[in-house]
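Colleague: Structure for the following, please:
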Amino acid sequence: MTSAGRHLLHPRDEIMLTMERIYRYRMTTTSGGNLSLRDENGDIWITPSRVDKGSLRRDDIVCVRHDGTVDGIHQPSSEYPFHKAIYQVRPDIRGIVHAHSVALVAASIVGQVPDTRLFHQSREVCGAVGFAPYALPGSERLGAHIARTFQEGFHCVILENHGVVVGGKTLQNAFQRFETLEFTGKTIIKASMLGQLRYLNEQQLDLARRVTEPLPTYEPSAASSQEKELRRQLCAFLRRGYHNRLLISTEGSFSARLDAESFLITPRQLDRHAVELDDIVLVQRGRCEAGKVASRAAHVHQAIYDRHPQLGGIVNAYTVNATAFSVTGATLDARTIPESFLLLRDVQRMPFGPQFAAPAEVARCVSLEHPILLQENDGVLVCGTNVLDAFDRLEVLEATAEALINSVSLGPVRPMPAAVIEELIAAFLKKT
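Modeller: Numbering: from 1, shown residues only. Sure thing, here's the model as predicted:
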């Protein structure tokens, strides 16, 4: 389902599909969490009470009419009171997600809120996060606590010893905030195992907020077979990356070189889970195909392709474990196993900022010999000779980062010694 078509979905279907995404990616449990949306009539559509979230059907969704009557084969969620209370105090909110996701539950049981200044995108999508004190689930008192916090202007609220509630202008918008906040929470937990976390200051956030001028447009000629194939590859790997949690709906860009003068890239501000063939944007000689807006990363990708003709695929991604290294001073040493070193080599690091103001500087930091770049507080940039090569490196990067973080509880890491590295280079990397 594309983002453009979501406004035509019936509320039952939108709630069912959103819960399917949340449950599939283990961001709630069979019995935990609930979703709702308020339609144009003021009716509230909500998940039912005591129904398996893993096998939810459209007929299970309950409608509470604006006059209080209930339409459905089940009772509405026991948490309906706080959904109703939020809608009463926030007329701008039309969709609500409540879930018991692991990272945000962890925050709720220690009385903390994730600091979204970890990433500029998290701050932009989620804003600052509120906190509501505990009250009995389903009670009017809990509804009052939550509504009061939302009334202060928060879109995301951690519930003490309970979970999280997120609101948005649509249910899709609420889901994206929830997914982004859960990712932020997971990254904070993983990064805390590596060392002191680094957060963005207002000056850095302002730099990231600056509007990037969209590329000028042009009318491209009919797509060649090569272009069609690259579009297919990008969409296939985007879906795989999302399913494998290497990308989330609000963050990440993927591009592929078409020829010496053009490349294809993901569009700006479109759910990565929903990108279709005709959403992919063709960029040629610094111009974008008419009717589309290329990813903000297009300027950086252009600079990299211009400088490194041997590169054919580039990914910007926020993967939990590798990104944890980007928000700390910890070194991501790829000398763990032969595959990691051969694909990742010496991982480079770049301070926050050049990706917004100096694309050529980013291009100088990467090459086929140095294909991985940790962008401080802005995820990772991965290069390859083609789409598959870039994606493979991204997977290996995340697996390597996770292994390094997991090793913290086992003992000191023993990197492969220099003699082993030299042997690997001689056997696999030296030109014949």
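Colleague: Can you get me a residue count around residue 190?
Modeller: Number of residues near residue 190 (other C-beta atoms under 10 Å) recorded here: 23. In short, each C-beta sits where N, CA and C put it, glycine included.
Colleague: So what does it have for phi and psi?
Modeller: Geometry field for residue 190 lists phi and psi as phi -70, psi -40, criterion degrees, to the nearest 10.
Colleague: shouldn't it be in contact with residue 322?
Modeller: No: counting by C-beta atoms under 8 Å, residue 190 stays clear of residue 322, with 9.6 Å between them.
Colleague: What ranges does the stretch 201-350 of the chain have for its strands?
Modeller: 217-218, 253-259, 262-265, 281-284, 287-289, 313-317, 348-350 (DSSP state E, counting those that start in this stretch).
Colleague: To residue 80, which of those lies closest?
Modeller: strand 313-317 (37.7 Å; C-beta to C-beta).
Colleague: Pairing partners for that closest one, with directions?
Modeller: With DSSP bridges as the test, strand 313-317 is paired with strand 253-259 (antiparallel), strand 380-384 (antiparallel).
Colleague: Alpha carbons of it, as CSV, please.
Modeller: Taking Å, rounded to 0.1, in the frame of the first residue of the first chain, the C-alpha atoms of strand 313-317 are listed here in CSV:
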residue,chain,number,x,y,z
GLY,A,313,25.5,1.8,-5.0
ILE,A,314,25.1,4.0,-1.8
VAL,A,315,23.0,3.5,1.3
ASN,A,316,22.4,5.9,4.1
ALA,A,317,20.9,3.9,7.0
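Colleague: ok so, going back, return the most buried member of the strands paired with strand 313-317.
Modeller: With neighbours defined as mean count of other C-beta atoms under 10 Å, the strands paired with strand 313-317 peak in mean count at strand 380-384, which reaches a mean of 26.
Colleague: The residue nearest to residue 161 when sequence neighbours are not counted sits in which helix or strand?
Modeller: With sequence-adjacent residues excluded and distances taken as C-beta to C-beta, 6 or more residues apart in numbering, residue 161 is closest to residue 134, at 5.1 Å. Here residue 134, judged by DSSP states H and E, is contained in no helix and no strand.
Colleague: tell me the contacts of residue 134?
Modeller: For residue 134, the contacting residues are 142, 159-162, by C-beta atoms under 8 Å, 6 or more residues apart in numbering.
Colleague: could you measure residue 322 against residue 144, distance?
Modeller: 42 Å (C-beta to C-beta, to the nearest Å).
Colleague: ok, the two, which is more surrounded?
Modeller: residue 322 (29 against 16).
Colleague: Which one of the strands of the stretch 201-350 of the chain lies nearest to residue 52?
Modeller: In terms of C-beta to C-beta, the element of the strands of the stretch 201-350 of the chain nearest to residue 52 is strand 313-317, at 32.7 Å.
Colleague: That closest one: how far from the chain's middle?
Modeller: 14 Å (C-alpha atoms, centre = their mean, to the nearest Å).
Colleague: what's that strand in contact with?
Modeller: Residues from elsewhere that reach strand 313-317, judged by C-beta under 8 Å, 6+ apart: 241, 246-247, 251-257, 295, 297, 300-301, 304-305, 379-391, 394.
Colleague: same thing but 6 Å
Modeller: Contacts to strand 313-317, defined as C-beta atoms under 6 Å, 6 or more residues apart in numbering, come from residues 246-247, 252-256, 297, 301, 304, 379-384, 386-387, 390, 394.
Colleague: buried set for it?
Modeller: Going by neighbour count (16 or more other C-beta atoms under 10 Å), the buried part of strand 313-317 is 313-317.
Colleague: circling back: could the strands paired with strand 313-317 be laid out in a markdown table, adding mean pLDDT and distance to residue 16?
Modeller: Formatted as a markdown table, those follow (pLDDT from 0 to 100; distance: least, C-beta to C-beta, whole Å):
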| stretch | mean pLDDT | distance to residue 16 |
| --- | --- | --- |
| strand 253-259 | 97 | 28 |
| strand 380-384 | 98 | 34 |
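Colleague: Of all these, which one is nearest residue 104?
Modeller: Closest approach to residue 104 among the strands paired with strand 313-317 (C-beta to C-beta): strand 380-384, 23.3 Å.
Colleague: Using PDB, list the CA coordinates for the closest one.
Modeller: Output in PDB follows, covering the C-alpha atoms of strand 380-384 (Å, rounded to 0.1, in the frame of the first residue of the first chain):
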ATOM      1  CA  VAL A 380      26.000   5.200   8.600                       C
ATOM      2  CA  LEU A 381      26.800   5.700   4.900                       C
ATOM      3  CA  VAL A 382      27.800   2.500   3.000                       C
ATOM      4  CA  CYS A 383      29.200   2.300  -0.500                       C
ATOM      5  CA  GLY A 384      29.500  -0.600  -3.000                       C
END
